[in-house]
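Colleague: got a sequence here, can you model it:
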Amino acid sequence: MLSRAANSIYWMSRYLERADNISRFIDVNMHLMLDLGIHHGNDHWNALVRTSGDDESFAERYKNATEANVIKFLTFDETNPNSILSCIRNARENARTVREIISSEMWEMLNELYHYVNTNSRKRRIADLEGFYLHIRKMNHLFVGLAENSFSHGEGWHFIRIGQLLERADKTVRILDVKYFLLLPSVDYVDSPLDTIEWAAVLKSATAFEMYRKRFHRANFHDVTDFLIFDNEFPRSVAFCLRQALASLQEVAHMHGEPSKALEQVKQLDGWLKNHSIDDVWKIGLHEFIDDFQTRNNAIDQAVFESFFAFRDA
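Modeller: Take a look at the predicted model:
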C-alpha cells in the first residue's frame with residue numbers, strides 16, 4: 001500500500017474516533033452537572049477544555065469557559081482542528097482520497113455524517129445537542145461495523161484499527177482525567193457516596209457501565225480506574241487497545257517482511273503497562289500516571305508516521 005493511502009486511512013479512522021470521544025467528554029460533563037444539580041458550572045466546562053488538551057488554543061479566542069463557548073469550541077469551531085466539525089470534515093477528506101480503496105458503504109456513511117454535522121452546526125445549547133452527540137457515537141459504531149464487515153482485512157484494515165485503537169487509548173485515559181480535574185478525590189482516594197454518581201458517569205461516557213457492573217457492585221476510584229486501564233477484555237480499556245494495536249502492527253510487519261519502529265514502541269508501552277497495577281496508579285497519582293502514558297502514546301503516533309507514512313512512494 002502506498003504511504004499516502006495508508007496515511008489517509010489511518011487518519012480517517014483517528015478523526016472519527018476523536019469525534020466520537022469528544023462527544024463522550026461533553027456527555028459525561030453534562031450528566032455530571034445534571035446529577036449534581038449544577039446549573040452554572042464554568043469551572044466544570046473549563047476543566048473539560050483542559051482535559052481535551054486544547055486549553056491554550058481556547059484561551060486565545062474565548063474569554064470565559066461558559067457552556068456556550070465550550071460547546072462551540074469543542075463541537076463546531078472550524079478554527080479548532082480537534083472540534084467535532086473539524087474531525088468529521090478531515091475524516092471525510094481523507095476518505096475521499098481513498099474512495100477506490102475503502103468500501104462504498106464506508107464512504108457513503110462518512111459522507112452522510114459530514115452533511116449531518118454541517119446541517120446541525122448552528123445549534124449551540126446543550127439541550128439541543130444531546131441527540132446530536134448520541135448520533136455521532138452511533139455513526140462511529142456503524143463505521144466500525146462497516147469496516148469490519150465490508151472491507152477486506154488486509155493492510156488498509158489494520159491501519160484503520162491502529163488509528164482507532166491508539167486514539168481510543170488516549171481518550172480513555174482523558175475521560176479518567178475528567179474525573180481528576182472536575183472531581184478531585186481526596187489524597188487517599190477515599191470515595192464518598194457522591195463519588196458513586198460521579199464514577200458511574202465516567203463509566204457511562206466510555207460505554208462501560210453495564211460491563212463494569214457485571215464484575216463490580218459499586219463504582220469507586222480503585223475499581224473504575226482498574227477496569228478502564230487494565231482490563232484485558234473490555235474493548236475501550238487501555239490494555240485491550242494496546243494489545244489489539246500490537247496485533248495489527250505485527251500483521252503489518254509480516255506483510256512488509258520486517259518489524260517497524262512503531263511496533264517496537266507499542267511492545268515497550270504494552271510491557272510498561274503490564275508492569276504496573278492499580279496499586280501503582282494509587283501510589284503514583286492518577287494524573288501523573290496518565291501524563292506518563294500520554295507521552296509514551298504520543299511517541300507511538302510519531303513512530304507510526306516515521307515507519308509508514310514518511311516513505312517516498314516507489
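Colleague: from now on I want contacts and neighbour counts done on CA atoms only, so please keep to that.
Modeller: OK.
Colleague: can you dump the C-alpha coordinates of stretch 220-240 into CSV?
Modeller: What follows is stretch 220-240, C-alpha atoms only, in CSV (Å, rounded to 0.1, in the frame of the first residue of the first chain):
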residue,chain,number,x,y,z
ASN,A,220,-15.3,3.8,43.0
PHE,A,221,-11.8,5.1,42.2
HIS,A,222,-10.0,1.9,42.6
ASP,A,223,-12.2,-0.4,40.6
VAL,A,224,-13.2,2.0,37.8
THR,A,225,-9.6,3.0,37.2
ASP,A,226,-8.5,-0.6,37.2
PHE,A,227,-11.3,-1.5,34.8
LEU,A,228,-10.7,1.3,32.2
ILE,A,229,-6.9,0.9,32.3
PHE,A,230,-6.0,-2.7,33.0
ASP,A,231,-9.0,-4.9,32.0
ASN,A,232,-7.9,-7.3,29.2
GLU,A,233,-11.4,-8.0,27.8
PHE,A,234,-13.3,-4.6,27.7
PRO,A,235,-12.7,-3.0,24.2
ARG,A,236,-12.2,0.5,25.5
SER,A,237,-9.7,-0.3,28.2
VAL,A,238,-6.2,0.9,27.6
ALA,A,239,-4.7,-2.6,27.9
PHE,A,240,-7.1,-4.0,25.4
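Colleague: what's in contact with stretch 283-302?
Modeller: By CA atoms under 8 Å, 6 or more residues apart in numbering, the residues outside stretch 283-302 that reach it are Leu166, Asp170, Val173, Arg174, Asp177, Tyr180, Ala262, Gln265, Val266, Leu269, Val281.
Colleague: do that again at 7 Å, thanks
Modeller: For stretch 283-302, the external contacting residues (CA atoms under 7 Å, 6 or more residues apart in numbering) are Asp170, Val173, Asp177, Tyr180, Ala262, Gln265, Val266, Leu269, Val281.
Colleague: could you do stretch 158-171 as well?
Modeller: 6, 9-11, 13-14, 17-18, 21, 236-238, 241, 245, 248, 294.
Colleague: just the closest of these to Leu129, please.
Modeller: Nearest to Leu129 among the contacts of stretch 158-171 is Asn21, at 15.1 Å by CA to CA.
Colleague: residues near that closest one, how many?
Modeller: 27 (other CA atoms under 10 Å).
Colleague: in terms of secondary structure, what does the one helix or strand it maps to contact?
Modeller: Using DSSP states H and E, Asn21 sits in helix 3-35. Packing contacts for helix 3-35, counted by 3 or more CA pairs under 7 Å, 6 or more residues apart in numbering; DSSP states H and E, involve helix 84-97, helix 126-150, helix 155-182, helix 193-205.
Colleague: with that, I have no additional questions.
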